[in-house]
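In: sharing a model prediction with you, sequence too.
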Amino acid sequence: MAPAAAPSSGRQQVSRRPRSRHHAQARIGYLFSSGYALLLLAFGVGPMVYALYLAFTKAGKFVGFANFEKVFGDFRYLPAVQHVAAFLAIWLVSLMVLVVLLALIVHAVRARWLSSSTRFLFYIPGALAGSASVMLWLFLLDPSVSPVSVVLRQFGFENFIQTVALDHLPVIFTVIAFWTGAGGWIIIMYGALNNISIEVMEAARIDGAGSVKTALYIQIPLLRKWIAYMAVISLAAGTQLFVEPKILSLASRGVVPKDYSPNQLAYIFAFGPQADFNGSAAISMILLVVAMALAAFFVFRGGLFERG
Amino acid sequence: MLAIATIALFSLFFVIPLAWLLLAPTKTATQLNALQGEQPLSFGSFGTLAENWNTLAAFQHGIIWTWLGNSVLYSAAALLITLIVTIPAGYALALTNFKLRRVLLVATLLVMLIPNTALALPIFLEINAVHLVGTPLAVILPFSFFPFGVYLTYIYFSTSISHDLLDAARVDGASEFKVFRRIALPLAKPVIALVGFFSFVTNWNNYFLPFVMVPGKKAPIQVGLAELISNVPLFNPTTVSSITISLPQLALATVISITPVLIVFLFSQRFLVAGLTAGATKE
């Protein structure tokens, strides 16, 4: 205790204990993440490295960019990329604007029961992600059985084939994806809004900020991390568009082409008559690079790596 | 006022399709087409529902139940493994320090961003190399790898538990494992629910991976559902099958396919809408 007594041993104690604590932390860190790390190697890194290998080889031999040249030269490739790009543009913008807007509105609702039941109603369609939701939308897009046939006829669609015309698909896929996925994001945004301290919101109110100003200058900036996160995840989901065009293609007798999206094309390359795993892997690689480049932008802008 | 109108409008958008789907199996094909001026959101009859049920259940000797059972097996097994590996991993990334932490974090984010389907094919080849294609493990193991869950847990722990709190426990002499069990785990309930939820729903609804991995009788219901389309004369006039599926029966199959998820939704309703907030408000 006395500062004069053996200062050297005191220093030793101070330096030794945090180090052993540090070691204990590192040990538990490795132990706790080991199971996940194994899965990551087996089903994340492993397949990726394998895809990379496949993309640059043919029958085990290195062929440079030959697989990519073949894919780029394929007449189905460019249209597929354009289809998905159009869908992504419409989807990402509408998702970000509407989800933030709806989360802010639901959060501002005073009546608890109204707020919670609204969140629940918004979220229920999430139960139908995947082929079930596309199945449901098959019905909804068919004016002969649709409960909203009035709306469809307003747009001049008299039958299913007219509704799913090629030009309409980016909007149709946006509506389907929004219907199934937006509710989950609204709940996550709502949760994040609840995390904003009451003092901050109170201070804004005392300063005379209305709900719009509070949203613009306090809530949305504090949601940044989550908005970026949503964008990144949605982008990942969007580029892999597969089941929606696949089922619409099945149901529309080919009006929606079998090779609408790059992933469908990758599937056709691998499982079609060509059985070309290398070309398929090349498409996967292209999708990967594009998604990663865009994602890096969001990660950087949204501060996704900051520890809270 | 505008806010209420917006909420009302979007509530209708989210609810009407679902309500219609739940009502569709109670009608005959003719009623569904509303040829006699039936309201789209009307109830048919229980008799019709039973008829549709029987036809669907008899289709290919009740293959729909096989598909459903497969889905339960795949999703439940994967859910269990996911929770066991994900929650500690997210904790480790958020609140402990080790050399590979950042590497793991970056790898998680990157893999999370990789389209599922881009990996489905290489995973297929990998699984094929170890002769597991067509077995439940071929679906369960890839399903258990859930970087999204790790990232969600990481964000949750790093924003809702402070280092100071853990340090205080450590100073009091708690071991690292005890710190996790006594402090982090009790606070983690919301994120466990969230990860479990997303894992179950994602896997239940996954289409592409099981589509290539376990076709035919081993397929989960989502893959089976799409297979039913080829037996609907309206969509496939050339269908050779003698037993066909009508639209209300297809709607019924869709309802059956989502029922487990809907039930989980209803039971975890309160928990879900509270979402991430429950842990945070306790602070």
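Out: Structure received.

In: give me the nearest residue to residue 70, chain neighbours excluded.
Out: Reading this off chain A. Leaving aside its sequence neighbours, A:Lys70 sits nearest to A:Gly279 (C-beta to C-beta, 6 or more residues apart in numbering or on different chains; 5.7 Å). Every residue, glycine included, has its C-beta placed from N, CA and C.

In: correction: the question concerned chain B.
Out: B:Pro220 (4.8 Å).

In: what values do phi and psi take at that neighbour?
Out: Per-residue torsions, B:Pro220: phi -80, psi 170 (degrees, to the nearest 10).

In: return the residues in contact with B:Phe10.
Out: A:Leu102, A:Phe122 (C-beta atoms under 8 Å, 6 or more residues apart in numbering or on different chains).

In: can you check the pLDDT for it?
Out: On the pLDDT scale, B:Phe10 is placed at 94.

In: same deal with B:Ile114?
Out: Note on B:Ile114: pLDDT of 68.

In: any idea how far A:Ser197 lies from A:Arg110?
Out: From A:Ser197 across to A:Arg110, the span is 19 Å (C-beta to C-beta, to the nearest Å).

In: more neighbours: which of those two?
Out: A:Ser197 (10 against 6; other C-beta atoms under 10 Å in any protein chain shown).

In: what's the burial count for whichever residue of the stretch 201-308 of chain A sits closest to chain B?
Out: Chain B sits closest to A:Gln240 of the stretch 201-308 of chain A, with a gap of 3.2 Å, by C-beta to the nearest C-beta. Neighbour count of A:Gln240, defined by other C-beta under 10 Å: 24.

In: pretty sure it contacts A:Ser284?
Out: No. When contacts are counted by C-beta atoms under 8 Å, A:Gln240 is not listed as touching A:Ser284 (9.8 Å).

In: so who does A:Leu166 touch?
Out: Counting by C-beta under 8 Å, 6+ apart, A:Leu166 touches A:Val255, A:Val256, A:Pro257.

In: what values do phi and psi take at the second one?
Out: Phi and psi for A:Val256, reported as degrees, to the nearest 10, are phi -90, psi 120.

In: what is the neighbour count of it?
Out: If you count neighbours by other C-beta under 10 Å, A:Val256 ends up with 21.

In: these two touch, right, it and A:Val164?
Out: Yes. Contact criterion C-beta under 8 Å: A:Val256 and A:Val164 qualify, at 5.6 Å.

In: now the common contact residues for the two.
Out: Both A:Val256 and A:Val164 are contacted by A:Leu248, under the criterion C-beta under 8 Å, 6+ apart.

In: pLDDT weak spots in the stretch 101-250 of chain B?
Out: The model of the stretch 101-250 of chain B has pLDDT under 70 over residues B:113-118, B:234, B:236-243.

In: for it, which segments count as helices?
Out: For the stretch 101-250 of chain B, the helices defined by DSSP state H, counting those that start in this stretch cover B:101-113, B:116-129, B:137-144, B:147-160, B:163-171, B:176-179, B:185-187, B:189-205, B:208-213, B:221-229, B:247-267.

In: want to throw those helices into a markdown table with mean neighbour count and distance to chain A?
Out: Formatted as a markdown table, these follow (neighbours: other C-beta atoms under 10 Å in any protein chain shown; distance: least, C-beta to the nearest C-beta, whole Å):
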| stretch | mean neighbour count | distance to chain A |
| --- | --- | --- |
| helix B:101-113 | 18 | 4 |
| helix B:116-129 | 22 | 3 |
| helix B:137-144 | 23 | 5 |
| helix B:147-160 | 24 | 4 |
| helix B:163-171 | 14 | 6 |
| helix B:176-179 | 18 | 4 |
| helix B:185-187 | 14 | 12 |
| helix B:189-205 | 21 | 3 |
| helix B:208-213 | 24 | 6 |
| helix B:221-229 | 24 | 5 |
| helix B:247-267 | 20 | 4 |
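
In: now render the ones you listed as CSV, adding distance to A:Arg224.
Out: Converted to CSV, these look like this (distance: least, C-beta to C-beta, whole Å):
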stretch, distance to A:Arg224
helix B:101-113, 16
helix B:116-129, 26
helix B:137-144, 31
helix B:147-160, 13
helix B:163-171, 22
helix B:176-179, 30
helix B:185-187, 24
helix B:189-205, 20
helix B:208-213, 32
helix B:221-229, 35
helix B:247-267, 29
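
In: how about stretch B:50-58: buried residues?
Out: Under the neighbour-count criterion of 16 or more other C-beta atoms under 10 Å in any protein chain shown, stretch B:50-58 has B:Glu51, B:Asn52, B:Thr55, B:Leu56 buried.

In: got a list of what the spatially most central residue of chain B touches?
Out: Centroid-nearest residue in chain B: B:Val201, 1.1 Å away (criterion: C-alpha atoms, centre = their mean). B:Val201 makes contacts with A:Gly126, A:Ala127, A:Ala129, B:Val261, as judged by C-beta under 8 Å, 6+ apart.

In: now, which of the residues you listed sits nearest B:Pro147?
Out: Ranked by distance to B:Pro147 (C-beta to C-beta), the contacts of B:Val201 are led by A:Ala129 at 17.9 Å.

In: circling back: three-state assignment of the residue nearest to A:Lys70?
Out: The three-state label given to A:Gly279 by DSSP: H, G, I helix; E, B strand; the rest coil is helix.

In: which ones are touching it?
Out: Counting by C-beta under 8 Å, 6+ apart, A:Gly279 touches A:Asn67, A:Lys70, A:Val71, A:Asp74, A:Phe269, A:Ala270.

In: which one is the last one nearest to, not counting chain neighbours?
Out: Going back to what we said before, that points to A:Ala270. Nearest non-adjacent residue to A:Ala270, counting by C-beta to C-beta, 6+ apart: A:Ser280, 3.8 Å away.

In: confidence-wise, which of the contacts of B:Val201 comes last?
Out: A:Ala129 (76).

In: could you pull up the residues touching that one?
Out: A:Ala129 sits in contact with A:Thr180, A:Gly181, B:Val201, B:Thr202, B:Asn205, where contact means C-beta under 8 Å, 6+ apart.

In: okay if I get the residues you listed as a markdown table plus distance to A:Val212?
Out: Shown next, in a markdown table, are those (distance: C-beta to C-beta, whole Å):
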| residue | distance to A:Val212 |
| --- | --- |
| A:Thr180 | 30 |
| A:Gly181 | 26 |
| B:Val201 | 34 |
| B:Thr202 | 36 |
| B:Asn205 | 37 |
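
In: which one of those is nearest B:Phe157?
Out: Taking C-beta to C-beta as the measure, B:Thr202 is the one of the contacts of A:Ala129 closest to B:Phe157, at 20.9 Å.

In: contacting residues for that closest one?
Out: A:Ala129, B:Phe146, B:Phe148.

In: quick check: the second one touching B:Ile84?
Out: The one in question is B:Phe146. No. Look at B:Phe146 against B:Ile84 with C-beta under 8 Å: they stay out of range, at 11.3 Å.

In: between those two, which is the more surrounded one?
Out: Higher neighbour count among B:Phe146 and B:Ile84: B:Phe146, with 28 against 13, using other C-beta under 10 Å.

In: what sits against that one?
Out: So B:Phe146 contacts B:Thr82, B:Thr86, B:Val195, B:Phe198, B:Ser199, B:Thr202 (C-beta under 8 Å, 6+ apart).

In: got the CA coordinates for stretch B:217-227 in PDB?
Out: C-alpha atoms of stretch B:217-227 as PDB (Å, rounded to 0.1, in the frame of the first residue of the first chain):
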ATOM      1  CA  LYS B 217     -38.500 -37.900 -51.900                       C
ATOM      2  CA  LYS B 218     -35.800 -36.400 -49.800                       C
ATOM      3  CA  ALA B 219     -36.800 -32.900 -50.800                       C
ATOM      4  CA  PRO B 220     -38.200 -30.400 -48.200                       C
ATOM      5  CA  ILE B 221     -41.600 -28.900 -48.700                       C
ATOM      6  CA  GLN B 222     -40.400 -25.800 -50.400                       C
ATOM      7  CA  VAL B 223     -38.900 -27.800 -53.200                       C
ATOM      8  CA  GLY B 224     -41.900 -30.100 -53.300                       C
ATOM      9  CA  LEU B 225     -44.200 -27.100 -53.600                       C
ATOM     10  CA  ALA B 226     -42.500 -25.900 -56.800                       C
ATOM     11  CA  GLU B 227     -42.800 -29.500 -58.100                       C
END
